[in-house]
Structure formats: C-alpha cells, structure tokens
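**Student:** Let me see the structure of the following:
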Amino acid sequence: MSLTSHLSELRKKHETLSRQVEAEQRNPGSDSIALSEMKKRKLAIKQQIERLGQGTTH
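**Tutor:** Got it, this is the predicted structure:
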C-alpha cells in the first residue's frame, strides 16, 4: 500500500470515529468508557496521520 493511500485510509477511519464520537456524545445514555476508548483510538489515528504526513513533506 502506498503512503498516500495509507494516509487516505487513516483519514477515513479518523472521520468515521469522529462521527461516532459525536453521535455517542449526543446520546444521553452513552457509555463513558466506550466513548473514552473511541476518543483514544481517534487520537492515535490522528497522531499516526501527523507522523506519516511529516514524511511526505521532506
């Protein structure tokens, strides 16, 4: 998989998680542990995107 396609897939995953987090936050009966785990995964993906993105600018 090329770096560009890998970054694209990571961005899609990040956007999907972002929508899921927003939906969960609007749900009054949301599971705070599940929400926290989603946020952690979202942050990890964002950090991976940033690390890989830095490699494409040099």
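**Student:** Okay, the closest residue to Asp31 other than its chain neighbours and Ala34: tell me how far apart.
**Tutor:** Spatial nearest neighbour of Asp31, excluding adjacent residues (C-beta to C-beta, 6 or more residues apart in numbering): Glu24 at 7.6 Å. In short, each C-beta sits where N, CA and C put it, glycine included. According to C-beta to C-beta, to the nearest Å, Glu24 stands 7 Å off from Ala34.
**Student:** and the two? which has more neighbours close in?
**Tutor:** Glu24 (16 against 12; other C-beta atoms under 10 Å).
**Student:** for this structure, which spans come out with low pLDDT?
**Tutor:** Scanning the chain with the threshold set as pLDDT under 70 gives 56-58.
**Student:** Now do the helices for it: every range, in order, please.
**Tutor:** Per DSSP state H, the chain has helices spanning 3-26, 32-56. These are given in chain order.
**Student:** got the contact list for the residue nearest to Asp31?
**Tutor:** Listed by C-beta atoms under 8 Å, 6 or more residues apart in numbering, the contact set of Glu24 reads Ser30, Asp31, Ala34, Leu35, Met38.
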